[in-house]
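> Sequence and computational prediction follow.
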Amino acid sequence: MKLIILDRDGVINEDSDDYIKHPDEWHPLPGSLEAIARLHQAGWTIAIASNQSGLARGLFDITALSDIHQKFRKALSHLGGAVDAIFVCPHGPDDNCLCRKPLPGLFHDIGRRFDTSLEGVPAVGDSLRDLQASAAAGCVPWLVQTGNGSKTQAKGDLPAGLRVAKDLADAVDQILSETN
């Protein structure tokens, strides 16, 4: 199985300090949906791992989150793409859960769901916590320079084995060229 794990906000769609609370606020980054469609068409299993503390903060509810994901899936399907699973952590930063990145709980859930090792699985994110979670789970961390990626890269103290790409399309181009 060729598995890839993607963060959502800042990687696939525009991020917001005010959170993405409604489908009208969800806007894909240029080339991101096409990149996911290329992965899907190349036979990759695609999982999303996303912290969504806006749920715990009461900024939106699970219905709004489902509507956002429905908009994402519909836009992706128009390009011939699909994702296999979306995993979210609904907890706030002080809830002491195991699924909130930088902890690797969501990644472990993905490994169990697909009954596969995460060793060497590419995991694309834009924040240090994305990279830390993926590295702790045995994935190959990929940093995109969209979203918070440029700021994350400038801060340094990044995990070993880090790969860097301009955006998701660039990461996918590199991954597909290395695996074909």
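The structure has been received and is ready for your questions.
> Partner strands of the longest strand along the chain and their direction?
When the chain is parsed with DSSP state E, its longest strand is strand 45-51. In its sheet, strand 45-51 lies beside strand 3-6 (parallel), strand 85-89 (parallel), with partners assigned from DSSP bridges.
> Quick check: mean pLDDT of stretch 82-100?
On average, the pLDDT along stretch 82-100 is 96.
> quick revisit: for the strands paired with strand 45-51, which one ends up most surrounded?
Burial of the strands paired with strand 45-51 is given as mean neighbour count (mean count of other C-beta atoms under 10 Å); strand 3-6 ranks first at a mean of 24. Backbone N, C-alpha and C define where each C-beta goes, glycine included.
> circling back to that earlier point, for the strands paired with strand 45-51, give me JSON lines that also has distance to S53.
Below are the strands paired with strand 45-51 laid out as JSON lines (distance: least, C-beta to C-beta, whole Å):
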{"stretch": "strand 3-6", "distance to S53": "18"}
{"stretch": "strand 85-89", "distance to S53": "8"}
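> secondary structure element for the closest residue in space to H22 that isn't next to it in sequence?
Excluding the flanking residues, the one nearest H22 by C-beta to C-beta, 6 or more residues apart in numbering is A64, at 5.9 Å. In this assignment (DSSP states H and E), A64 forms part of helix 62-77.
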